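Visitor: Structure for this input, please:
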Amino acid sequence: MDMLIALQRVPEAPVPAGPGVRKPIAPEHDLVIAWIARHFTPAWASEARAALANRPITLFIATRGAPSELLGFCAYDATARGFVGPIGVLDAARRGGVGAALLLACLHEMRAMGYDYAVAGAVGAPDFFRHVAGAIDIPGSTPGIYAGMQHAAQ
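Guide: Down below sits the predicted model:
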């Protein structure tokens, strides 16, 4: 199911207690892609690669500590313009505001770029999107943009 987010209604981005939310710099790109493929899926790594190729870059990461430890990522305009996601946060870092900070960073930047709405495609955690961004279901949106997508052999 896809969800619609009215960007004019998105709350201010929270300041996370520990992790820093930022865009990765060029020497980090391969590390970020490998981390996403290892902790999430190759498909998400492909979408992240597309977001890193955009100018400006359309991917945020959350880090903590020195040397910095990756906690999560969120992209937008990766598979399609106006789409936000994928978003992924390590299990150990969930429920601490990391995902909300990443999602809101993307949504605020989309708003600043002139978007009025964002679509979250094939949402796996609809309650998160409803709570953080006021997202609503888009009726009849399944299977959506990912219909017919090639998958790696299991």
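
Visitor: Pull out the buried residues from the least confident helix or strand in the chain by mean pLDDT.
Guide: When each helix and strand of the chain is scored by mean pLDDT, DSSP states H and E, strand 20-22 comes last, with a mean of 92. For strand 20-22, a neighbour-count test (16 or more other Cβ atoms under 10 Å) marks residue 21 as buried. The C-beta positions use only the backbone N, C-alpha and C, and glycine is treated the same way.

Visitor: For it, give me every contacting residue.
Guide: Residues from elsewhere that reach strand 20-22 (Cβ atoms under 8 Å, 6 or more residues apart in numbering): 60, 61, 62, 63, 64, 68, 101, 102, 105.

Visitor: Now, of those, which are buried?
Guide: Counted by 16+ other Cβ under 10 Å, those give 60, 61, 62, 63, 64, 101, 102, 105 as buried.

Visitor: outside of the single longest helix found in the chain, which residues touch it?
Guide: Scanning the chain for the helix with the most residues, using DSSP state H, yields helix 98-112. Taking contacts as Cβ under 8 Å, 6+ apart, the residues outside helix 98-112 that touch it are 5, 7-8, 10-16, 19, 21, 58, 60-62, 71-77, 82, 84, 87, 89, 118, 128-129, 132-133.

Visitor: hmm, try it at 7 Å
Guide: Identification of contacts with helix 98-112 by Cβ atoms under 7 Å, 6 or more residues apart in numbering yields 5, 7, 10, 13-14, 16, 19, 21, 60, 62, 71-74, 76, 84, 87, 89, 118, 128, 132-133.

Visitor: Low-confidence stretches in this protein?
Guide: 13-19, 152-154 (pLDDT under 70).

Visitor: Now do the strands in it.
Guide: Secondary structure of the chain (DSSP state E): strands located at 3-6, 20-22, 59-64, 69-76, 83-89, 117-120, 136-137.

Visitor: between the ones you listed, which gets nearest to residue 40?
Guide: strand 83-89 (4.5 Å; Cβ to Cβ).

Visitor: So what are the sheet partners of that closest one and their directions?
Guide: strand 69-76 (antiparallel), strand 117-120 (parallel) (DSSP bridges).

Visitor: Of all the residues in the first one, which ones are buried?
Guide: Burial within strand 69-76, assessed by neighbour count using 16+ other Cβ under 10 Å, is assigned to 70, 71, 72, 73, 74, 75, 76.
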